[in-house]
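> Everything below, folded, please.
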Amino acid sequence: MSGLPGVPSQLRPASVLFTAACPDCRARFELSAGAIRLAIGASRRTTFYSFTCPECGAAVRKPAGERIVELLTGGGVRTLRLHSTV
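Residues are numbered from 1 along each chain as shown. Modelled structure (predicted):
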């Protein structure tokens, strides 16, 4: 049995599915956390999530507000923190 050492199984996230839609083909579908990427930048403009539409193959990028970031990170979506260069 593989798992996270030291983390009780009750606390591990279950298979979370997120409902999404493609702006190109207008399909609606569910995606696992592994199918979504979240990028958190210094501003609203640079904070977004992305995925590939399973219906048409389009690369989709959508803005992620505070609530979306909270839901995606809580659901196990991999997160990339963008650093600004000053």
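> Please determine how far residue 41 is located from residue 67.
When distances are taken as C-beta to C-beta, to the nearest Å, residue 41 and residue 67 turn out to be 17 Å apart. Placement of C-beta: from N, CA and C, glycine included.
> neighbour-wise, which of these two wins?
With other C-beta atoms under 10 Å as the criterion, residue 41 and residue 67 differ in neighbour count, and residue 41 comes out ahead with 15 against 8.
> What score does the more buried one have for pLDDT?
Residue 41 is assigned 93 on the pLDDT scale.
> and what of residue 85?
In this model, residue 85 is scored at 57, pLDDT.
> cool, residue 82 as well?
Reading off the per-residue confidence, residue 82 sits at a pLDDT of 85.
> Roughly how far does the residue nearest to it when sequence neighbours are not counted sit from residue 81?
Sequence neighbours aside, residue 41 is the residue nearest to residue 82 in space, at 4.1 Å (criterion: C-beta to C-beta, 6 or more residues apart in numbering). Between residue 41 and residue 81 the computed distance is 8 Å (C-beta to C-beta).
> hang on, the earlier thing: so the residue nearest to residue 82 sits against residue 47, correct?
Yes: taking C-beta atoms under 8 Å as the definition, residue 41 is a contact partner of residue 47 at 5.0 Å.
> Identify the contacts common to the two.
Both residue 41 and residue 47 lack any common contacting residue under the criterion C-beta atoms under 8 Å, 6 or more residues apart in numbering.
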